[in-house]
Structures are given as structure tokens and as C-alpha cells.
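> Sequence and predicted structure below; questions after.
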Amino acid sequence: MATEINLSDYAKEKGVKYFLFNFTDLFGNQRAKLVPAAAAAGMQKSGAGFAGFAAWLDLTPAHPDMIVMPDTSSLIQLPWKPEVAWVAGDPWMDGQPVEQGPRNVLKKLMAQAGEKGLLMKAGVEPEFHLISADGTGISDDRDIQEKPCYDQSAVMRRYDVISEICDYMTELGWGPYQNDHEDANGQFEMNWDFTDALTMADQLAFFKFMVKEVAEIHGLRATFMPKPFTELTGNGCHVHISMWDQSGKENQFHDVDGELGLSQLAYHFIGGLLQHGEALAAITNPTVNSYKRINAAPTLSGATWAPNTITYGGNNRTHMIRIPDDNRFEFRLADNSANPYLLMAVVLAAGLNGINGQIDPGDRLDNDMYAHPELAGEVKTLPLNLLDAIRNFDQDEVLKQALGDEFSQAYMKLKLYDWNSYARHLTQWERDHTLDC
């Protein structure tokens, strides 16, 4: 277990003037208090107080203060503003962890995996668009290719932004290893080394914060919205998953004698994801806009690169789960509106259920699900909208129990509020098609 860092000493050593005492709410919004270094020692001991009702948590103004206790293992000094440091925290109330707190949900599930001698590790592929400051279009008016993926000139026109972010990740010790222009005009992806699921969730939360901040410094805006432009490929957040022994030294998914080099443990984990696919979409794809990505028509480039069925295959990007190597698999469903902590938590919850129940995923499918879905036979499809996903989640008692009843009820309540807010909105499409009915 990592030794706790004394924030007061850290501030003196690193020249930090302020700390962002951070937590992430159910909708994935980062909340923080800006704490002066002189007060950090007291805050580290007693925590930072928040009114939970003021964030997207299922709490009321009558609830007592929610106290966020900093986890100094997550401490990051902002490379672009070194006088400030960010530290993720865990919400507590009345001396107990807040069960609906996303980071607490993930830590509970990791502890359950630890009881089985297992540690989930993950790597992520977060996609984002660099757009104009007013949000009306992509920021590069020369980025117009029909198939712009890996466009060397387009990535170099945004070299200042991408290289600055990558340099910061190197400085932070994350081990970034590649950056590219993605399939949509104005879209980019940055990759760094995999690590344990909690650290990766912290890093992904900070990464999104950092990308937005750096883009703004350059007069641009970064969006992780799943489908910001109708005709362009959306922003996924593919997750590469492996399970290790508790020491983190031996990959339990690797088996030289297994099919495609994966162990039975790995296939049981995949079986759990397939069995719970219709329900876990409520968390991995948590916004109204999410379903504009996974149920989209072919985009300008010719493919959405998003799954629409609950299937798995080998090195085949048209399925929800892809097996690209003999030591991991790639979960391709999630998008970048997903809460980083809940994304890791729900994947782990479904996977542990698959391991506990030794769920057989069935034979892999090697067909192109975009061009020839009929070759797959009878397969489950993903929800068509957020409401369907919420209803599927509500019917999945195993997944709800694994994530925790308090969390599950709070999440569904607030997500239904989100859906109802959308449903009350009158769109131009409705006026165009029914004004003269």
C-alpha cells in the first residue's frame, strides 16, 4: 500500500500554492475545492466539506456535509500550472464511505477481486475532438478528408496542442507511447501505459481535465461528447482489460495453450460482459447522446467503429469485444461520457460475475458485423436509447447488487431525471415533421 504523502511538506518541496481537493459525481463531473497550501494539513486530516445535493448525487439539502478525504496516491501537480496540485478523494458522510460515490464503488469491487487474489489492470483509448471555441465546428478548416484517420498533416497542424499534452504525460510518468488523428475530422486519440484500474480511472479523469485546459489555453475547445457531429465518427473510450495476480506480476488472462492465447478465466470474464451487456450500457454509455454513436448510420469515413451488438470476436473491430493479443481483450462499447470510475467498476462487476459463475461466452464470431450481421445468427443487440438502457439495468439484479443497492437506486433515479429532461425538450426535427400534421 502506498505511503500517504504529507500535503504540507509536498507543497513546500514542489512550490505548490493550492490544492484541488477533487471528487467525481455520478454524472462524471469533476467537483473540487481550491485549498491554499497553508490549510492543506488540516484539510488532509479532516477532509473538505461539500453539500452533496449541489452536485449530481442523490442527496438532499437536509443531508449533513459530505466530507471528501484526499487519496494522496492520486496526487498530480498540474504541469501547465505547477503552483496547483490535484488530488482525487473519497466521499464520506457520518463516518462512513458514501456508497453512491463512484470512486468508492470501484474501490469496493477491487477489494472483492482482491479477496479472490485478482487485480484488474486496464488501458484506455480516449478519443476527443478539438473544436472551435464557440463549439460550432472542428477547429481545423483544412481537415476535410473523407478518410482522415492517421492524417499526418492534420495531426501536425495541431502539434502544439497534442505534443504539449503528451509532454505533460511523460513528465507525470504515465508512459505515453502514441498519438494520432482519428477517424473523424478534428478527432484525436492519445495512448499511455496500462496500470491498475483505480489508478487508470484517476488518470483518465485527470486526462480529460488536462486536455480541456490545454485546448482552452490554445484558444480551442476539446470535447469528449460521444457524437458531437452527425456525419462524423463519435468519441469512444475503448478499454483494454487484463486480470493479474494480487502482486500485479502474473497475467491471469494469458495462456499459451488457450484459444487465441487467452485463459479460461479471461473467457469467463468475457462471458460476464456479454451476459450483462444490455444493462451495463447504462453506465458505459450514460448519456442521451451516447446512443447516437452506437446506433449511428455509417459516417463520412464509411464506418462508425462502434458496436451495435453484444458479441465478441478475434482481432475484429466490428464486435463489442475484440481479442487483439494473447494477454488481454478490448472492450469497445464505452464512450467518453462514461464516468471513469463507474466505467471500470461496471466492467469489473460484470467480469467477476462471469468468473464466479464460470459463464461460457460461446464461440467467437469472425464475421464483419457491419457488412454481414446475418452471419452471426441470433445475437443480442445493444439498447436503442438511454431509457432502454436504464430499464435493462433496473432488471439486472446481479449487476445492481454487485455495484451496491444505494448506488444503483441513486444512479437510476438521476439518469431517469436526465432522460425526462431530454424528453421534455422540443426539437427542430419534431417541428419539421409534425407542425403541419
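Looks like it came in fine. Numbering: from 1, shown residues only.
> contacting residues around Gly302?
Gly302 makes contacts with Lys147, as judged by C-beta atoms under 8 Å, 6 or more residues apart in numbering. Glycine gets a C-beta too; all of them are placed from N, C-alpha and C.
> same check, this time on Pro61
Pro61 makes contact with 51, 53, according to C-beta under 8 Å, 6+ apart.
> In the stretch 301-437 of the chain, what residue spans correspond to strands?
Here the stretch 301-437 of the chain has its strands, by DSSP state E, counting those that start in this stretch, at 312-313, 321-322, 329-331.
> Tell me the strands beside the second one, with direction?
Going back to what we said before, that points to strand 321-322. strand 312-313 (parallel), strand 329-331 (antiparallel) (DSSP bridges).
> Can you lay out those as CSV showing distance to His240 and mean pLDDT?
Shown next, in CSV, are the strands paired with strand 321-322 (distance: least, C-beta to C-beta, whole Å; pLDDT from 0 to 100):
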stretch, distance to His240, mean pLDDT
strand 312-313, 14, 98
strand 329-331, 5, 98
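> Quick one: closest of the ones you listed to Cys237.
Evaluated over these, closeness to Cys237 peaks at strand 329-331, with 9.4 Å, by C-beta to C-beta.
> starting at the chain centroid, how far to the closest one?
13 Å (C-alpha atoms, centre = their mean, to the nearest Å).
> just checking, Pro176 touches Gln203?
No - at 10.8 Å, Pro176 does not count as touching Gln203 under the criterion of C-beta atoms under 8 Å.
> Looking at these two, which has the bigger crowd around it?
Gln203 (23 against 16; other C-beta atoms under 10 Å).
> Quick check: which element contains that one?
Under the criterion DSSP states H and E, the helix or strand holding Gln203 is helix 197-217.
> what sits up against the helix or strand following that helix?
Of the helices and strands lying after helix 197-217 in sequence (DSSP H and E), the nearest is strand 221-223. Around strand 221-223, the neighbours that count as contacts under C-beta under 8 Å, 6+ apart are 128-135, 139, 211-212, 214-216, 235.
> By neighbours, which of those residues wins?
Highest neighbour count within the contacts of strand 221-223, by other C-beta under 10 Å: His129, with 28 neighbours.
> how close does that one get to Leu232?
Note on His129: its distance to Leu232, by C-beta to C-beta, to the nearest Å, is 8 Å.
> what do these two both touch?
With C-beta under 8 Å, 6+ apart, His129 and Leu232 have common neighbours 184, 186-187.
> The stretch 101-250 of the chain: helices as residue ranges?
According to DSSP state H, counting those that start in this stretch, the stretch 101-250 of the chain carries its helices in the segments 102-115, 152-157, 159-172, 197-217.
> Can you get me a residue count around the spatially closest residue to Ser247 that is not a sequence neighbour?
Take Ser247 and drop its neighbours on the chain: the residue closest to it by C-beta to C-beta, 6 or more residues apart in numbering is Leu119, 7.9 Å away. As a burial measure, Leu119 scores 20 neighbours (other C-beta under 10 Å).
> in the sheet, who's paired with Leu119?
Judged by DSSP bridges, the bridge partners of Leu119 are Trp244.
> quick revisit: what about the shared contacts of His129 and Leu232, which are in strands?
Filtering the shared contacts of His129 and Leu232 for membership in strands, criterion DSSP state E, returns Gln187.
> Distance to Asp196 and pLDDT added to the shared contacts of His129 and Leu232, as TSV?
Formatted as TSV, the shared contacts of His129 and Leu232 follow (distance: C-beta to C-beta, whole Å; pLDDT from 0 to 100):
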residue	distance to Asp196	pLDDT
Ala184	31	97
Gly186	33	98
Gln187	28	98
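> right, and the strands of the stretch 301-437 of the chain - which one's nearest Tyr291?
Nearest of the strands of the stretch 301-437 of the chain to Tyr291, taken as C-beta to C-beta: strand 329-331 at 17.5 Å.
> quick one on the thing from earlier: for Gly28, state which of the shared contacts of His129 and Leu232 is nearest.
Using C-beta to C-beta, Gln187 is the member of the shared contacts of His129 and Leu232 that lies nearest Gly28, at 19.9 Å.
> what residues are up against that closest one?
127-129, 148, 181, 232-233, 235.
> mind giving me the domain ranges of the chain?
According to automatic domain parsing, the chain comprises the domains 12-91, 108-429.
> wait, which of the ones you listed is closest to Asp436?
The closest of the domains of the chain to Asp436 is domain 108-429. By C-beta to C-beta, the value is 14.0 Å.
> With distance to Gly89 added, can I get the shared contacts of His129 and Leu232 in TSV?
Output for these, formatted as TSV (distance: C-beta to C-beta, whole Å):
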residue	distance to Gly89
Ala184	35
Gly186	34
Gln187	32
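> ok, now how distant is the residue lying closest to Pro82 once chain neighbours are set aside from Glu164?
Leaving out its chain neighbours, the residue that sits closest to Pro82 by C-beta to C-beta, 6+ apart is Gly15, at 6.5 Å. According to C-beta to C-beta, Gly15 and Glu164 sit 20 Å apart.
> same deal with Tyr417?
Tyr417 is 38 Å from Glu164, where distance means C-beta to C-beta.
> what's the answer for Asp363, then?
Asp363 is 46 Å from Glu164, where distance means C-beta to C-beta.
> Which one's more surrounded, these two?
Using other C-beta under 10 Å as the criterion, Asp363 and Glu164 rank with Glu164 on top: 16 against 9.
> Kindly confirm whether my reading is correct that the more buried one touches Val211.
No - using C-beta under 8 Å, Glu164 is not in contact with Val211; the gap is 10.1 Å.
> what sits against Ala154?
By C-beta under 8 Å, 6+ apart, the residues touching Ala154 are 140, 142-143, 145, 148, 181, 185.
> Check these for burial and list the buried ones.
Neighbour counting over the contacts of Ala154 (16 or more other C-beta atoms under 10 Å) leaves 140, 143, 148, 181, 185 as the buried ones.
> And the pLDDT at the last one?
Per-residue confidence (pLDDT) for Asn185: 97.
> try the fourth one
The pLDDT attached to His181 in the predicted structure is 98.
> go on, the second one?
Reported pLDDT at Asp143 in the predicted model: 97.
> So what are the sheet partners of the host helix or strand of Trp86 and their directions?
Assigned by DSSP H and E, Trp86 belongs to strand 84-93. Using DSSP bridges, the strands paired with strand 84-93 in its sheet are strand 18-24 (parallel), strand 66-70 (antiparallel), strand 76-77 (antiparallel), strand 96-97 (antiparallel).
> Just the mean pLDDT for the helix or strand following the first one, thanks.
In other words, strand 18-24. Heading C-terminal from strand 18-24, the first helix or strand you meet, by DSSP H and E, is strand 30-36. Strand 30-36 carries an average pLDDT of 97.
> and what of stretch 96-114?
Across stretch 96-114, the average pLDDT comes to 98.
> cool, and stretch 269-278?
Mean per-residue pLDDT for stretch 269-278: 98.
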